[in-house]
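>>> return a 3D structure for these sequence lines:
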Amino acid sequence: MLTARDIRKTFGALEVLKGIDIDIAPGKVTAIVGPSGAGKTTLLQILGTLMAPDSGGRVLYDDTDVTALPDSRLSAFRNRNIGFVFQFHRLLPEFTLLENVAMPALIAGRGRKEAFAEAHALLARLGLDGRADHRPSELSGGECQRAAVARALVNRPSVVFADEPSGSLDSYNRTELHRLFFELRDSMGATFVIVTHDESLAADADVIVRMVDGRIDAIESKY
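Numbers count the residues shown, from 1 in each chain. All right, here's what the predicted structure looks like:
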């Protein structure tokens, strides 16, 4: 589903990625692990089209070479095909959970009724239907992160990228969020690519990609 070849990234004199080749299978949870400075987040941002690789690198979603798309088409592609969950939920404080979750669908041009129905169904699925009219400040960190997952899924993307999604949570909510990823994999066929320092999450993943010093050191697959 997602293929990246010869991904390199240099910032000034610092070579962060040194020729990464990787394939992401659909319907699986892939964990990217490694020490700080290994290039994990930079790779995630390039795979998620938030950053371009250096010249020669290619990222393909099925038959679409996203590295060749102009900015306007790339933004539309990202909105429809890619979801993001960050370490901090990044929900907009002035909007309710329902409005936050529906927003990517509205931006994609879906009708208000359809967008809000999809958002409400996802919130219910994630145990947040009773919180739909609350604003982020009225909720716990775990509830906000679950809402962020719902927002990432509202356009039924090809893949959801998560960068240390449980890093700001306590142990209980961290465990619950990890469980949620695997439940969504099983029930929705969702594809997740997760950068994490959490070895328990990595150990449960379908694929573990280990990075060291800007390169892939090993790939461990359970399927």
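
>>> use CA for all of it now, contacts and neighbours both
Noted.

>>> in this structure, which spans are strands?
2-11, 14-24, 29-33, 58-61, 64-65, 82-85, 159-163, 192-195, 207-212, 215-221 (DSSP state E).

>>> dump these into a markdown table; add mean pLDDT, distance to residue 95 and mean neighbour count as well.
Shown next, in a markdown table, are these (pLDDT from 0 to 100; distance: least, CA to CA, whole Å; neighbours: other CA atoms under 10 Å):
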| stretch | mean pLDDT | distance to residue 95 | mean neighbour count |
| --- | --- | --- | --- |
| strand 2-11 | 96 | 33 | 18 |
| strand 14-24 | 95 | 34 | 16 |
| strand 29-33 | 95 | 30 | 25 |
| strand 58-61 | 95 | 32 | 20 |
| strand 64-65 | 93 | 34 | 13 |
| strand 82-85 | 93 | 18 | 24 |
| strand 159-163 | 94 | 22 | 23 |
| strand 192-195 | 94 | 26 | 27 |
| strand 207-212 | 96 | 36 | 20 |
| strand 215-221 | 95 | 40 | 14 |
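
>>> which one of those lies nearest to residue 148?
strand 82-85 (6.1 Å; CA to CA).

>>> against residue 131, how distant is the closest residue to residue 39 other than its chain neighbours?
Take residue 39 and drop its neighbours on the chain: the residue closest to it by CA to CA, 6 or more residues apart in numbering is residue 214, 5.1 Å away. Residue 214 sits 42 Å away from residue 131, going by CA to CA, to the nearest Å.

>>> between those two, which is the more surrounded one?
Counting neighbours by other CA atoms under 10 Å for residue 214 and for residue 131 shows that residue 214 has the greater number, 22 against 18.

>>> for the more buried one, list the residues it contacts.
15-18, 20, 37-40 (CA atoms under 8 Å, 6 or more residues apart in numbering).

>>> against residue 8, how distant is it?
Residue 214 is 9 Å from residue 8, by CA to CA.

>>> next: residue 134.
Residue 134 is 43 Å from residue 8, by CA to CA.

>>> can I get the strands of the chain in a markdown table including distance to residue 183?
Shown next, in a markdown table, are the strands of the chain (distance: least, CA to CA, whole Å):
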| stretch | distance to residue 183 |
| --- | --- |
| strand 2-11 | 22 |
| strand 14-24 | 19 |
| strand 29-33 | 11 |
| strand 58-61 | 24 |
| strand 64-65 | 29 |
| strand 82-85 | 16 |
| strand 159-163 | 14 |
| strand 192-195 | 12 |
| strand 207-212 | 16 |
| strand 215-221 | 19 |
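
>>> quick one, which of these is nearest to residue 107?
strand 82-85 (13.3 Å).

>>> show me what the closest one is packed against.
helix 141-153, strand 159-163 (3 or more CA pairs under 8 Å, 6 or more residues apart in numbering; DSSP states H and E).

>>> can you tell me which of these is most buried?
helix 141-153 (a mean of 24; mean count of other CA atoms under 10 Å).

>>> beta-bridge partners for the most centrally placed residue in the chain, please?
The centre of the chain sits closest to residue 161, judged by CA atoms, centre = their mean, with a distance of 1.6 Å. Beta bridges link residue 161 to residue 84, residue 193 when assigned by DSSP bridges.
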